[in-house]
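> Next come a sequence and a model predicted from it.
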Amino acid sequence: MKWLFIILCVIPMALCSQDEAVLSPEELYAKNIKLEYINDVYIPADVAEAMAEIDRLSDETGRARLLETDEQNAADKLVMGLGKWLIVNWNFYPGSRLAHKLKDYGVSHPDDMAKFLIVSYHRHLRQVPLELEKRGKVYFDKRKKDQEIKNAKRAKNG
């Protein structure tokens, strides 16, 4: 767990310039959502570009293995591998133009963004509709419900 923290938090900060280290999270987010590259990694502008980039980065064997299971199972299995790669390299926590675009669909948490893209990629490979708005609303509604439950527990205990 300690190593995951170092990989996800410390190393990206070490890659930041001195100027980025003094930016507030809001300022860094505003800067990042305009960038095509962050830490020398191309950041797709939207889901269509993300599908093309995952195609470019993956091989035929990996794509075939992905199609051996249904989309939800694929997302659940790949969130700790491919999903974490997407989160870190496409800068979902501090923000990027792709993360910003995913928020337009209602997908705001980095883990949800990774799963959303994995399911989208699975659908892309199967050549079925991505249903971005519909699926985004499901993530939005789930996070909203989870927050309401947390708020109710706080109010009850507080």
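Received, thanks. Numbering: from 1, shown residues only.
> these two touch, right, residue 35 and residue 94?
No - using C-beta atoms under 8 Å, residue 35 is not in contact with residue 94; the gap is 10.9 Å. Every residue, glycine included, has its C-beta placed from N, CA and C.
> Tell me the spacing between residue 58 and residue 124.
Summarising the geometry, the distance separating residue 58 from residue 124, computed by C-beta to C-beta, to the nearest Å, is 11 Å.
> Neighbour count for those two, which is higher?
Ranked by neighbour count (other C-beta atoms under 10 Å), residue 58 and residue 124 place residue 124 first, with 19 against 15.
> in which helix or strand would I find that one?
Assigned by DSSP states H and E, residue 124 belongs to helix 110-126.
> Next: residue 31.
Mapping residue 31 onto the secondary structure by DSSP H and E places it in helix 25-32.
> Residue 156: neighbouring residues, count only.
Residue 156 sits with 7 neighbouring residues when counted by other C-beta under 10 Å.
> Buried residues in whatever helix or strand it lives in, which are they?
Per DSSP H and E, residue 156 falls inside helix 132-157. Of the residues in helix 132-157, those buried under the neighbour-count criterion (16 or more other C-beta atoms under 10 Å) are 132, 135-136, 139-140.
> With distance to residue 157 and pLDDT as added columns, please give those in TSV.
Shown next, in TSV, are the buried residues of helix 132-157 (distance: C-beta to C-beta, whole Å; pLDDT from 0 to 100):
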residue	distance to residue 157	pLDDT
132	38	98
135	34	97
136	32	97
139	27	96
140	26	97
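> what's the closest of those residues to residue 46?
Sorting these by how near they are to residue 46, with C-beta to C-beta, puts residue 132 at the top with 9.4 Å.
> Spit out the contact partners of the closest one.
With contact set as C-beta atoms under 8 Å, 6 or more residues apart in numbering, residue 132 has these partners: 47, 105, 120.
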